[in-house]
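Visitor: Generate a structure from the sequence data that follows.
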Amino acid sequence: MKNLFRYSSLLLLTLSLCTQHLSAQSKTKTTQLDKKNLPAAINNMKHDGIIKNAFQWTDQKGLNMLIATETGVYEYNGETDAGGSIGGSNAELYVYHYLVKNSVAELSWKVSDYIRDCPVDLEAHFIPNTFAITDLNKNGVSEVWMMYVTVCHGDVSPLDMKIIMYEGNQKFAMRGQNKIKFSATEYIGGEYKFDQAFLNASPAFRTYAKKMWQLHISGR
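Guide: Residues are numbered from 1 along each chain as shown. Model (predicted):
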């Protein structure tokens, strides 16, 4: 029992230190936006879903604003091309990035992902506390980080997990699965792959992404 307690305490300390380390690398100061009273520049923009995160920051490119939304799970009923009926659940998530100049906002990039027509259990949501703004390569252009899961399954298999990062208009993706306990001594999942943009980028990006992945790899 004492060994279990010591192991648990060590694990919590390690996770705390990892979180602090990631936060320390996020040098860019951000300001949280009021979800119900967005700035005039983006207030009239169309955003699908319910706003989960909204904030702004300034870098070499100017004033940046970011809106992240989720639709949540909703039922869908429709028809096939042959005239039959189909049904299931849908869920979508979106991230909108704006650059604001002279009080005018222009959409510079958008992330969208979804699960559709799912007849079993469905998840599509951002992982809490994973949005981050960094400048790891110190070039004055911020990196925008986000992490989320999507799945349509009827068992306890791992969730599909992604880290998406943007530097300017360049997209970087890390895709894989979270890790779950399969038996008393066996885990499954946890693998990931970097896309070519990540592989060609600064090593600091991949180092940050790996630490972020390990911090959130255990979904259950």
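Visitor: pLDDT value on the residue nearest the centre of the chain, please?
Guide: Nearest to the geometric centre of the chain sits Met147, at 2.2 Å (CA atoms, centre = their mean). Looking at Met147, its pLDDT is 97.
Visitor: So it is in contact with Pro128, correct?
Guide: No - in this structure, Met147 is not within contact of Pro128 by CB atoms under 8 Å, at 9.5 Å. C-betas here are computed from N, CA, C, even on glycine.
Visitor: what do those two both touch?
Guide: Common contact partners of Met147 and Pro128 (CB atoms under 8 Å, 6 or more residues apart in numbering): none.
Visitor: tell me the average confidence for the strand ranked longest in the chain?
Guide: The residue-count maximum for a strand in the chain (DSSP state E) belongs to strand 85-101. Averaging pLDDT along strand 85-101 yields 90.
Visitor: Likewise for stretch 125-134?
Guide: On average, stretch 125-134 scores 96.
Visitor: Any chance you could list what contacts that stretch?
Guide: Stretch 125-134 has contacts (CB under 8 Å, 6+ apart) with 22-23, 25-28, 30, 52-53, 55, 57, 66, 68, 70, 91, 93, 142-149, 161, 163, 208, 212, 216.
Visitor: All the strands of this protein, residue numbers only.
Guide: Taking DSSP E as the criterion, the chain carries its strands at 31-32, 50-59, 62-70, 74-79, 85-101, 104-118, 121-126, 132-134, 143-153, 160-167, 170-177, 179-181, 187-189, 192-194.
Visitor: Any chance of those in JSON lines with distance to Ile42 as columns?
Guide: As requested, the strands of the chain are arranged in JSON lines below (distance: least, CB to CB, whole Å):
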{"stretch": "strand 31-32", "distance to Ile42": "14"}
{"stretch": "strand 50-59", "distance to Ile42": "9"}
{"stretch": "strand 62-70", "distance to Ile42": "6"}
{"stretch": "strand 74-79", "distance to Ile42": "25"}
{"stretch": "strand 85-101", "distance to Ile42": "6"}
{"stretch": "strand 104-118", "distance to Ile42": "5"}
{"stretch": "strand 121-126", "distance to Ile42": "19"}
{"stretch": "strand 132-134", "distance to Ile42": "17"}
{"stretch": "strand 143-153", "distance to Ile42": "16"}
{"stretch": "strand 160-167", "distance to Ile42": "17"}
{"stretch": "strand 170-177", "distance to Ile42": "21"}
{"stretch": "strand 179-181", "distance to Ile42": "37"}
{"stretch": "strand 187-189", "distance to Ile42": "37"}
{"stretch": "strand 192-194", "distance to Ile42": "32"}
